[in-house]
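1. Give me the fold of what follows.
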Amino acid sequence: MDVGLAFPLLVALILVALAFDFLNGMHDAANSIATIVSTRVLRPHYAVAWAAFFNFIAFLFFGLHVAETIGRGIVDTAIVDPQVIFGALMGAISWNLITWYFGIPSSSSHALIGGLLGAAIAKGGLGTIVWNGVIKTTLAIAGSPMTGFFLALILMLVVSWIFVRSAPFAVDRLFRSLQFVSASLYSLGHGGNDAQKTMGIIAVLLYSQGYLGGNFHVPFWVVITCQAMMGLGTLAGGWRIVKTMGSKITSLTPMQGFCAETGGSITLFTATWLGIPVSTTHTITGCIVGVGAAKRVSAVRWGVAANIVYAWIITIPASGLIAAACYLAVGWIG
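-> Numbering: from 1, shown residues only. Next comes the predicted model:
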């Protein structure tokens, strides 16, 4: 491909990828702040600023294993071209906007993976899939919320036992302070895992066009730009989804909020270090259900939780179909 002709298209696609990153931050802001807002420890606008800061600085604490998984561990890099990337991003962005509008906490991560798979399959068929990476990511769809559920449940039971003889007012005041720590850690995990997905998309695009010198890696300017866009998106907020995550699944106390965020943080930190692109939405939902179930099973609004699960199931195929349609549409127009 002629680099001179490709450069304007390359810049346009990078801007579209950064737009997805911004929407990811906006769509998934609820994951970082839902519990701290619902427990009234922080007002919403202060909470998003808090989350945005820790989303941005996440690159200081994590390697780029997730970016590498997205960049070359989902589809064969040999079939990646601007048309595939465009289709993938359109599928992910469209699904994010649809679910944001209806207040459905679906996964931006899996929307992007679904979009990448849909566009790649539309171009080259099932042979373009890197099955090892896809299987690992698919297992995480169930694994991350289940891990979060059990960690949060165990933490809740342990903390309740430790403070069983303490005055409720003193416990509430303590965990209001501790929630600043747990929310910070969760925002750090969110920024570390989610921003890397866009880094991977931009890096594989640059690699496919010969801008990385034949060696796949993530340039530092890509890292810092993606973290910044994630932070700005978080500042824009996702109030529709905050309401669902923070209050519709179960009512939360500061102690429960702390346990949910801490369980989620452990899950995200582990997944990021292992290079697994998990869903922060799935993770925190599992944690919130876990702390609610620790109180009593009836405390969880299982109908709302079930509707969220349905959204999880259809995210990859829905975004994939949109991506395939966009890929084919560009081919017909061209």
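2. and the host helix or strand of Ala17, which residues are buried?
-> Using DSSP states H and E, Ala17 falls within helix 3-27. Across helix 3-27, burial judged by 16 or more other C-beta atoms under 10 Å covers 6, 9-10, 13-14, 16-18, 20-27. Heads up, the C-betas are built off the backbone N, CA and C, glycines and all.
3. ok, and the helix or strand in the protein with the lowest average confidence?
-> Within the chain, judged by mean pLDDT, DSSP states H and E, the helix or strand with the poorest mean is helix 239-243; its value is a mean of 53.
4. Check which element follows that one along the chain.
-> Counting by DSSP H and E, what follows helix 239-243 is helix 254-274.
5. now for that next one, which elements pack on it?
-> helix 29-38, helix 65-72, helix 131-162, helix 168-208, helix 280-295 (3 or more C-beta pairs under 8 Å, 6 or more residues apart in numbering; DSSP states H and E).
6. pLDDT (mean, whole number) over stretch 268-277?
-> Averaged over stretch 268-277, pLDDT sits at 91.
7. Which residues does it contact?
-> If you take C-beta atoms under 8 Å, 6 or more residues apart in numbering as the criterion, stretch 268-277 is touched by 62-63, 65-66, 68-70, 73, 109, 113, 136-137, 140, 144, 185-186, 189-190, 192-193, 196-197, 278, 280, 283.
8. what pLDDT does the nearest residue to Val66 once chain neighbours are set aside get?
-> Once flanking residues are discounted, Val66 sits nearest to Gln196: 3.9 Å by C-beta to C-beta, 6 or more residues apart in numbering. Looking at Gln196, its pLDDT reads 90.
9. Check the gap between Gln196 and Phe62 for me.
-> Using C-beta to C-beta, to the nearest Å, Gln196 is found at 8 Å from Phe62.
10. Compare neighbour counts for the two and give me the winner.
-> Of the pair Gln196 and Phe62, Gln196 is the one with more neighbours under other C-beta atoms under 10 Å, namely 32 against 20.
11. The more buried one touches Ala67, doesn't it?
-> Yes: if you go by C-beta atoms under 8 Å, Gln196 and Ala67 touch, sitting 4.1 Å apart.
12. Can you tell me the closest non-neighbouring residue to Ser184?
-> Phe54 (5.2 Å).
13. Now do stretch 161-168: distance from first to last residue.
-> 13 Å (C-alpha to C-alpha, to the nearest Å).
14. contact partners of it?
-> By C-beta under 8 Å, 6+ apart, stretch 161-168 touches Val171, Met255.
15. One more: stretch 178-191?
-> 28, 31-33, 35-36, 39, 41-42, 47, 50-59, 61, 227, 230-231, 234, 254, 257-258, 261-262, 264-265, 267-269, 272, 280, 284.
16. Mind doing that once more with 7 Å?
-> 28, 31-33, 36, 39, 41, 50-51, 54-56, 58, 61, 227, 230, 254, 257-258, 261-262, 264-265, 268-269, 272, 280 (C-beta atoms under 7 Å, 6 or more residues apart in numbering).
17. so where is the stretch 51-200 of the chain shaky, pLDDT-wise?
-> Counting by pLDDT under 70, the low-confidence segments of the stretch 51-200 of the chain come to 105.
18. so the helix holding Ala17 versus helix 280-295, what angle?
-> Computed by axes from the mean of the first three to the mean of the last three C-alpha atoms, to 10 degrees, the angle separating helix 3-27 from helix 280-295 equals 20 degrees.
19. which strands and helices sit next to helix 3-27?
-> helix 82-101, helix 168-208, helix 220-236 (3 or more C-beta pairs under 7 Å, 6 or more residues apart in numbering; DSSP states H and E).
20. and if we set it to 8 Å?
-> Packed next to helix 3-27, using 3+ C-beta pairs under 8 Å, 6+ apart, are helix 82-101, helix 108-124, helix 168-208, helix 220-236.
21. sorry, back to before: possible to save the helices and strands packed on helix 254-274 as CSV with distance to Pro219?
-> Output for the helices and strands packed on helix 254-274, formatted as CSV (distance: least, C-beta to C-beta, whole Å):
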stretch, distance to Pro219
helix 29-38, 26
helix 65-72, 11
helix 131-162, 22
helix 168-208, 7
helix 280-295, 25
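22. Which of those sits closest to Trp100?
-> Proximity to Trp100 (C-beta to C-beta) singles out helix 29-38 among the helices and strands packed on helix 254-274, at 9.9 Å.
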